[in-house]
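**Q** sequence below, structure please.
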Amino acid sequence: MRAAVLTGFGAPLTVRKVPEPEARGGEVVVEVLATCVLPYTEEVFSGRRNYPLEPPVVPGPGGVGRVVRAGPDATRLRVGDLVWCDPTVRARDDALTPDIMLQGLSSRGEGGARLARHLPDGSFAERMRVPTENVHPLPPEARDDPARWSSLVVYAIPYGGLLAAGLQAGETVLVSGSTGNLGSAAVAMALALGAGRVVAPGRDRDALGLLSDRFGRRVRTVGLTGDEDTDRAAMTTAAGGPIDVVIDLLPPAAPSAVTRAAAMTVREYGRVVLMGGVGMLGGADLALPYPWLMRNSVTVRGQWLGPRTANVGLIRLVASGALDLSADRIRTFPLDAVNDALAYAAAHGGPFDRTVLTPRVA
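**A** The predicted structure follows:
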C-alpha cells in the first residue's frame, strides 16, 4: 500500500510504498477514506512544536474509513462497515490512569511513547491499524460525505472539555480562543449541547463576524484590546449574567494573560477547563490568584482530549443535526498532494476551515 512518511523533522513527507498493516487480536485494519489535516500539523512536522513524535512514521490523527479486517475479538464490526477511527489510544493495563498517545501525532510520557512505538502509524495512508475499541460505526448518511465527517477529530476536543466541565443546558459558556479553528468548534459544540449563551472573545474582527452570522443572538462576540482589566470587563458585560463555564483553547503562541483574563470572568462556583497550548513554547506561566480561587470556590482543571465513550455521543450529535457540519468549508487533497495539504491547512486555519486528505476514493 502507499503512505505518506515523515522521515525526519523539517523534511517534506514522502509518499511511498510501505508494508500492509496486519490486524492482531484487539485490532482492526481500516481503509482510510478521509483524514483531517489540522492547521498546526506543519508546525509539528517541522519540529517547531516539539511534539514527541518519532520518525520515521506515517502520521495522521484518525479519520473515516471502511473496515478491511477485524481481529477475532471483534463481535459486531463487519468488513465494509463505515467507521470513525478515534486517534486517542489508551493503554489497557491501567483503567484508572492509562498511558495515552495520539496515534500518528503525539504521546504523553514514557508510557505513551511505548504505545506509540507499538502502534506508530496514523491515517496518512491507504490503510491503518487501529485498536478495536477506537473504531466506531458511523450512520449511513456519512457515506455521502466522509471528508466532512473526518472533522470529528476537531470537534472531539472541545466536546471532551465541555463534558469535563459538566455543562448543563441553559448555562453560559465563554470560549477563550473562539476565533481559532478549535475555539470556533467549541462555540458550535457548546450550542449543540444546549448552552443558553456563548461569549466569544477574540481579536480577529472577520472571524467574530462569522460567528455572529452563523449562530445569531446566542453568541455574544467581544473584541479584545490586550488590556486584561478592560477585556475582562467587556467579556463580563457581554455575558449579560453569570458565566458558568470558561473553556480555553488558545494556541501555544498566545500569552497567558489572555487566558487569565478569560478565566477570571467565571462566576462563584464556576468551572474553568484548560485545553489549549499556552506555555508550551515558553513564556509566563498562568497565575491565578489563590484568594480568588478559594473564596469563590472556582474549579480549574486541565483536560487532555476526552473519554473513549465520548465518541458515541459525538457521532449522535452530528447524526441528529444538533451539531451541524454543513457550513464547514472543506478542501480535499489526494495522498500524492499531502505536502500541498499541509501548506493549505497552515494558511487556512480560521473558523470552520477543514483541510482533508483522501488516501482512498469512497
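**Q** can you map out the helices along this structure?
**A** Taking DSSP state H, the helices of the chain run over residues 41-46, 109-118, 146-149, 152-165, 181-192, 205-215, 228-239, 256-263, 290-295, 310-320, 338-347.
**Q** so which of the ones you listed is the most packed in?
**A** Most buried of the helices of the chain, by mean neighbour count (mean count of other C-beta atoms under 10 Å): helix 181-192, with a mean of 26. All C-beta spots, glycine's among them, are computed from the backbone N, C-alpha and C.
**Q** ok and that one relative to helix 205-215, angle-wise?
**A** 20 degrees (axes from the mean of the first three to the mean of the last three C-alpha atoms, to 10 degrees).
**Q** dump the C-alpha coordinates for helix 181-192 into PDB.
**A** These are the backbone C-alpha positions of helix 181-192, laid out as PDB (Å, rounded to 0.1, in the frame of the first residue of the first chain):
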ATOM      1  CA  ASN A 181     -10.000  26.500  14.400                       C
ATOM      2  CA  LEU A 182     -10.600  24.700  17.700                       C
ATOM      3  CA  GLY A 183     -12.200  27.600  19.500                       C
ATOM      4  CA  SER A 184     -14.800  28.100  16.800                       C
ATOM      5  CA  ALA A 185     -15.600  24.400  17.000                       C
ATOM      6  CA  ALA A 186     -16.100  24.900  20.800                       C
ATOM      7  CA  VAL A 187     -18.600  27.600  20.200                       C
ATOM      8  CA  ALA A 188     -20.600  25.300  17.900                       C
ATOM      9  CA  MET A 189     -20.300  22.400  20.400                       C
ATOM     10  CA  ALA A 190     -21.400  24.400  23.400                       C
ATOM     11  CA  LEU A 191     -24.600  25.500  21.500                       C
ATOM     12  CA  ALA A 192     -25.200  21.900  20.300                       C
END
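**Q** quick one, that helix and helix 310-320 angle?
**A** 70 degrees.
**Q** report the angle between helix 181-192 and helix 338-347.
**A** Relative orientation of helix 181-192 versus helix 338-347 (the same axes, to 10 degrees): 70 degrees.
**Q** let the chain start at 55 from now.
**A** Got it, first residue is 55 now, which makes that one helix 235-246.
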